[in-house]
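S.K.: Provide a 3D model corresponding to the input given below.
(chains A, B, C and D)
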4 protein chains.
Amino acid sequence: MIYKHKVQYYETDAMRIVHHSNYIRWMEETRVAFLDEIEVPMQMLEEMGLVCPVLSVSCDYQHMTVFGDTVTIEAKLEEFSGVKMLVSYTMTLPDGRVCCKAQSKHCFMKDGRIVNFKKKYPELYEKFLPEICTSEEK
Amino acid sequence: MIYKHKVQYYETDAMRIVHHSNYIRWMEETRVAFLDEIEVPMQMLEEMGLVCPVLSVSCDYQHMTVFGDTVTIEAKLEEFSGVKMLVSYTMTLPDGRVCCKAQSKHCFMKDGRIVNFKKKYPELYEKFLPEICTSEEK
Amino acid sequence: MIYKHKVQYYETDAMRIVHHSNYIRWMEETRVAFLDEIEVPMQMLEEMGLVCPVLSVSCDYQHMTVFGDTVTIEAKLEEFSGVKMLVSYTMTLPDGRVCCKAQSKHCFMKDGRIVNFKKKYPELYEKFLPEICTSEEK
Amino acid sequence: MIYKHKVQYYETDAMRIVHHSNYIRWMEETRVAFLDEIEVPMQMLEEMGLVCPVLSVSCDYQHMTVFGDTVTIEAKLEEFSGVKMLVSYTMTLPDGRVCCKAQSKHCFMKDGRIVNFKKKYPELYEKFLPEICTSEEK
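M.R.: Below you'll find the predicted structure:
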């Protein structure tokens, strides 16, 4: 799944590059677009009383990005057992250089409790299935 | 009421000054501290089911601020009829120069409806009273 | 000039609506797109050593916006004498309701000094001219 | 080194908890305070033409935080060879529960090149030395 983000001026900092905290936000933008694409949009999840908190993130910054850059973000669903979901992100600059490699781990919760998505919502879980990376793809 | 904010690196932008959107956030920080001071903390309002949305803001930027500056923000409760609340803010740099003059207008809402705070919560409204500026003070 | 912004999750706050400081950022996104459209892109201005600081902003919040909303922002160049530039913004929800009316004032600076854009860069100033609202349009 | 951050309303999101990207910003606040404490303030580094970019971050979110919480952040200088600096952060809630464990890796750069801080600025490097964790402390 490919998402594009255009760097805004308010995302820069005094080093004249994008502040590193924004990449974490772009990862969220990408996840939201991914969920839209597989037809499990966040808004639908919210109406079902579900939230999808972030359990962990990691980011390797490999090249700076600057105001006006269009960053291409490829997201892959690395793992999703039904309980924990692992997403990886590869961000590239227009010239093809990788600027950031990142991962985020998530679960789904309802009424403050972790939900086994696979068991509780099998028809929705199926929409994730074709997206889960096989080891070959990685 | 005086509040102090130390400028963070992530608040700067590529002009090497504070991004103008952050002043709007400092105004909120100051209001929260003001409500704490008069013992009507936001958390209490939230427990009562009240929210305090922003109806309008305006900001005059008079001097830039940079990373590391400690900005002193003086907030005044200009008007509070019980329905609409007008707050003014004067932000100064350590050397006394004014960097920003601003205003924000608010109401209180419960269950999606505007509340007459004075009528509904007279004992809380009284806590705001001594803070409301008389015309002389302005 | 019309710009569209899709509301991100990270732009929401605990009231479950967009935090009011983000509208200020969308105004900047819109200005950047406007400058691109008239072929005076910010990047070109920066290469010329010019910056375009914000002198003032004002926002009237008329309807809340929520995660996932696509907000349409119409920007108008109200005034641009060559020194001060006044931009107005009308933000609407997909159903046509206005959610925010706003204004921002700017100047152009070089080496810390205000530049008379009209005098110094007449060929660039001309690109702004057709965009300046006549009183009838307002 | 201990730093305290009070959660602001604008740091919350529609889940009514702090948006996860803000922890990355608190890590920066803590580093800035740490550099102040050892008398190698960022401002001094900037005057010397040095910047301290972030090479990587990772965050384990263990408990949510909400508006008004005061989060205590303990930073440790895990490694600093003179080239790469590794900082760890343990964030705790007032009741002592850990809400986040995090790490960030940095280098120092001048004129776009990585600097061997130990070789180039030995007298400054010495100020970091007593802070570097021995294996026992970890």
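S.K.: could you say what helices and strands the helix or strand hosting A:K4 packs with?
M.R.: A:K4 is located in strand A:2-6, with elements delineated by DSSP states H and E. Counting contacts by 3 or more Cβ pairs under 8 Å, 6 or more residues apart in numbering or on different chains; DSSP states H and E, the secondary-structure elements packed against strand A:2-6 are helix A:21-37, strand A:70-80. Yep, even glycine has a C-beta here, placed from its N, CA and C like the rest.
S.K.: one more time with 10 Å, if that's ok
M.R.: Counting contacts by 3 or more Cβ pairs under 10 Å, 6 or more residues apart in numbering or on different chains; DSSP states H and E, the secondary-structure elements packed against strand A:2-6 are helix A:21-37, strand A:70-80, strand A:85-92, helix C:21-37.
S.K.: need those in a markdown table with distance to chain B, mean pLDDT and mean neighbour count, can you?
M.R.: Written out in a markdown table, the entries for the helices and strands packed on strand A:2-6 read as follows (distance: least, Cβ to the nearest Cβ, whole Å; pLDDT from 0 to 100; neighbours: other Cβ atoms under 10 Å in any protein chain shown):
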| stretch | distance to chain B | mean pLDDT | mean neighbour count |
| --- | --- | --- | --- |
| helix A:21-37 | 6 | 98 | 21 |
| strand A:70-80 | 16 | 97 | 18 |
| strand A:85-92 | 19 | 98 | 20 |
| helix C:21-37 | 4 | 98 | 21 |
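S.K.: closest one to D:M44 among the ones you listed?
M.R.: helix A:21-37 (23.6 Å; Cβ to Cβ).
S.K.: one step back: pLDDT averaged over the strand holding A:K4 - what is it?
M.R.: Along strand A:2-6, the predicted confidence averages to a pLDDT of 98.
S.K.: And that strand, what's buried?
M.R.: Applying a neighbour-count criterion of 16 or more other Cβ atoms under 10 Å in any protein chain shown, one finds A:Y3, A:H5 buried in strand A:2-6.
S.K.: For that strand, output the C-alpha coordinates as PDB.
M.R.: Presented in PDB, the C-alpha positions along strand A:2-6 are these (Å, rounded to 0.1, in the frame of the first residue of the first chain):
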ATOM      1  CA  ILE A   2       1.400   3.300  -1.100                       C
ATOM      2  CA  TYR A   3       0.700   6.700   0.500                       C
ATOM      3  CA  LYS A   4       2.100  10.100  -0.300                       C
ATOM      4  CA  HIS A   5       2.700  12.900   2.100                       C
ATOM      5  CA  LYS A   6       3.700  16.400   1.000                       C
END
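S.K.: can you give me how far it is from the chain middle?
M.R.: For strand A:2-6, the distance from its own C-alpha centre to the chain's C-alpha centre is 12 Å (Cα atoms, centre = their mean, to the nearest Å).
S.K.: List, one by one, the residues from chain A near chain B.
M.R.: With the criterion set to Cβ under 10 Å from any Cβ of the partner chain, chain A comes near chain B through A:8-22, A:66-67.
S.K.: Also near chain C: which of these, exactly?
M.R.: A:Q8, A:Y9, A:Y10, A:E11, A:R16, A:N22, A:V66, A:F67.
S.K.: With that, I have no additional questions.
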